[in-house]
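>>> Structural data only, the sequence is not supplied:
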């Protein structure tokens, strides 16, 4: 029996405007508790919200980049519920008229995931529980920070695909430069809806999973939940429509509230904010101002740097990586650029990518190897100072102690010997010590030459240039 | 005010307020301090310089308690000034104190106050009207030259009529709501109380105008209201909507209004009878829209950040329930429950959704009327002030006493109430003038001309 998972994701994106959505308080992360608050974001009696224009600009930018249509009339609604971190007793959000609707993003060639809606809202404060004092404290610094909620259609069919969607979405969002997109700091948060199809192909009862704090958490929680639901159905039980919390440490989801306990949010149009329209001209202007997105940049890399399309796609997926690559090209002396553009890309896609993977680093900028170092490394190979093989060690060493590649080469005496005169003496010694190999070579065995070069390398601690060494042996033995 | 006038005012308040209970916060020292401080104000001295203004207890004044006459806000002192307060301070007005009101402006009698009822200066056994009853009573009794009130469904005009003073509800968006503790955000407006039309005009000129802190305030220039109050009414077209003269209108009030109509005709205005057929729906629509918004606006009083917090709550939910249960009075609870119900899932379309549609119809009635006439003239209230306690057990009858005033809030149009006579037993009668949005000048014109020809406001209550 094949039950197909049906997954939809809700992403909450903190927009990195300098001030909050409805007041002038700073949105800076990490300030002391309740140091970035005012009467407006604290919901004091008598205060009124005033929309931050920048928030709308950012929201429109994202909605357009996700292929959404922009709502003709911008209307905010009140979402009413009681919670200590919600100062007004309602959240100003959008309801039946979200800012953007009907978009899609391509997460792989030909693989499109539809975006149902993207809407603006304000964030709530944060509760800090103090069990030892049997008290809970509220920090309202986050209250009123602008959020854009991006809701996908339930087009995702596996945890891997969900992960891929999130990654692609994050890449696009990073290009737009409207959010830090940092899951750890909570500037990008994700809830998931998951159900399994029945034998008739119909969707089963939907379970919402909250508290997903990392990309991995999303995959793990979905995998767990799909298995949990599958087991229940196998046992002939039914799925309860409910909200569950993901416990990252325990690796499982726990019930949070059932449909019966679900809030009745009593949405109604926010009377303190007058509905307004965004003109077609404004929308078209915003569309023109959209930055280059990953797909467009990949296309440009193919044309401008002659990269293979697959390489270009991988290198442009993350904005930081693509920026790093272009920075490298820019830091290369002009007459070498055409020669270096492919090797630079190769290094990023192989050694740097491996390093990021191994150390579980999210962004290439977190690697202690600035673009000028990579350019230097490629230049060292190009000039024949070091071999490609030596370069790999130089790279590792440079990463380890933070030195530049030339400094590593100098410190370790790794510089490659390319002067035939300097190699000849050692080559003569090798010939004297290996008569058998010499004989084999003279009988036409090409592998004997490689053996001799290997012996030479050993003697010279790998410092000889292999092609020069071969030439020297040929010169000495073919006489 | 001269130092002598200041002391006279303080003395009068200290003497009469115990009888009226119009002021619920008053500091003689604060009044003296302000009277001194305004001497230092730079700039030209406008009409409000040195003039005492009483503030309704739902408008925030930095450092002065604002409680909305509710136990749930006892002890709350706003750390900021409402925009109208900033403007009054800049104009050199003297803030006399805070005025009694129905809790959260929920009421038409000023009886629903945690400080006890305010008494009508014309008959201490009777209500001053509400919810801005304290403001109206104080101005009528000479405890303050001017006062601010707020009007959501008649809360300025009805007490103005009951107390024999002038009260104006401005066009929605004319005066900033920033710092007005919200009852129903789409209906609330702050407005002036005064003894004369031109005094009300001067107060409105000071407080009106666009405010970047209030997205619903309009970027429409403030009119020359005092100048308008000096104009004549020749050629003015006045509409008389027949729905406001239906059964239930007190005969003495009808007589007074008829006399006012006759005067306008004699002064050269033209009188046009017309119909506003959706008027009968105003009360039900109002009690859906207003309570829905109120239920949400009052959610912030949860005991977390300010106001009353229950002592013995075990859980967060318990804290919410107990704090609100103990803090809100019965009328506030009634409206919160009603508003929560009409917004709840499954009922929204039937109640709130339909109410919004009918609200549009009511607004259309006004638009149509103002195609024919410049202003409308009606009674402000169907009856003269009733006795304290007379209607407290019958909320529906109480709600119906707002029948003449509610439509202006639903339509967002400006409306003025001013004295137009007295009953045989000496109780004030008010008439209401309504104009098209931002047509306050028309109201001051019509009101000012009538006032010059009559001496109702020369009479003073015997206290």
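Thanks, I have the structure now. From a predicted model like this one, the values you see are computed outputs, not experimental measurements. Numbering: from 1, shown residues only, chains lettered A, B, ... in the order given.
>>> Am I right that residue B:285 is in a strand?
No - counting by DSSP: H, G, I helix; E, B strand; the rest coil, residue B:285 is located in no strand; its state is helix.
>>> which stretches of the chain have low pLDDT?
This is for chain A. A:1, A:260 (pLDDT under 70).
>>> Residue in it with the shortest distance to chain B?
For chain A and chain B, the shortest gap (Cβ to the nearest Cβ) falls at residue A:89, measuring 2.3 Å. Placement of C-beta: from N, CA and C, glycine included.
>>> Which residue, neighbours along the chain excluded, lies closest to that residue?
Closest residue to residue A:89 apart from its sequence neighbours, by Cβ to Cβ, 6 or more residues apart in numbering or on different chains: residue B:299 at 2.3 Å.
>>> Now do the contacts for whatever residue of the stretch 1-150 of chain B ends up closest to chain A.
Residue nearest to chain A within the stretch 1-150 of chain B: residue B:60 (4.6 Å; Cβ to the nearest Cβ). Residue B:60 makes contact with A:45-46, B:66, B:78, B:80-82, B:85, B:179-181, according to Cβ atoms under 8 Å, 6 or more residues apart in numbering or on different chains.
>>> ok, so of the residues you listed, who is nearest residue B:236?
residue B:180 (31.9 Å; Cβ to Cβ).
>>> quick one: that closest one and residue B:297, what's the gap?
Between residue B:180 and residue B:297 the computed distance is 11 Å (Cβ to Cβ, to the nearest Å).
>>> do the same with residue A:336
68 Å.
>>> can you list the residues of chain A near chain B?
A:39, A:42-51, A:78, A:80, A:82-84, A:87-90, A:136, A:138, A:264, A:266-268, A:271-274 (Cβ under 8 Å from any Cβ of the partner chain).
>>> which residues does residue B:420 contact?
Going by Cβ under 8 Å, 6+ apart, the list of residues near residue B:420 reads B:256-257, B:259-260, B:429-431, B:450, B:454, B:456.
>>> Secondary structure element for it, which one?
Using DSSP states H and E, residue B:420 falls within strand B:415-422.
>>> and what of residue B:177?
Applying DSSP H and E, one finds residue B:177 in no helix or strand.
>>> Which SSE is immediately downstream of the longest strand anywhere in chain A?
Ordering each strand of chain A by length in residues (DSSP state E) puts strand A:111-122 first. Sequence order places strand A:126-130 as the next helix or strand after strand A:111-122, per DSSP H and E.
>>> any idea how far residue A:68 is from residue A:289?
Taking Cβ to Cβ, one finds residue A:289 at 16 Å from residue A:68.
>>> who's more crowded, these two?
Between residue A:289 and residue A:68, counting by other Cβ atoms under 10 Å in any protein chain shown, residue A:68 is the more crowded of the two (23 against 11).
>>> State the distance from that one to residue B:35.
Separation of residue A:68 from residue B:35 (Cβ to Cβ): 60 Å.
>>> still on that earlier bit, and which of the contacts of residue B:60 is nearest residue A:478?
For the contacts of residue B:60, the nearest to residue A:478 is residue B:80 (95.2 Å; Cβ to Cβ).
>>> For the helix or strand hosting residue A:106, which helices and strands make contact with it?
Assigned by DSSP H and E, residue A:106 belongs to strand A:100-108. On a contact count with 3 or more Cβ pairs under 8 Å, 6 or more residues apart in numbering or on different chains; DSSP states H and E, strand A:100-108 meets helix A:53-65, strand A:69-70, strand A:111-122, helix A:159-176.
>>> Just put these in TSV and tack on mean neighbour count and distance to residue B:363.
Output for those, formatted as TSV (neighbours: other Cβ atoms under 10 Å in any protein chain shown; distance: least, Cβ to Cβ, whole Å):
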stretch	mean neighbour count	distance to residue B:363
helix A:53-65	21	28
strand A:69-70	17	29
strand A:111-122	21	29
helix A:159-176	20	41
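>>> one step back: got the buried residues for the strand holding residue A:106?
Within strand A:100-108, the residues scored as buried using 16 or more other Cβ atoms under 10 Å in any protein chain shown are A:100-101, A:103, A:105, A:107.
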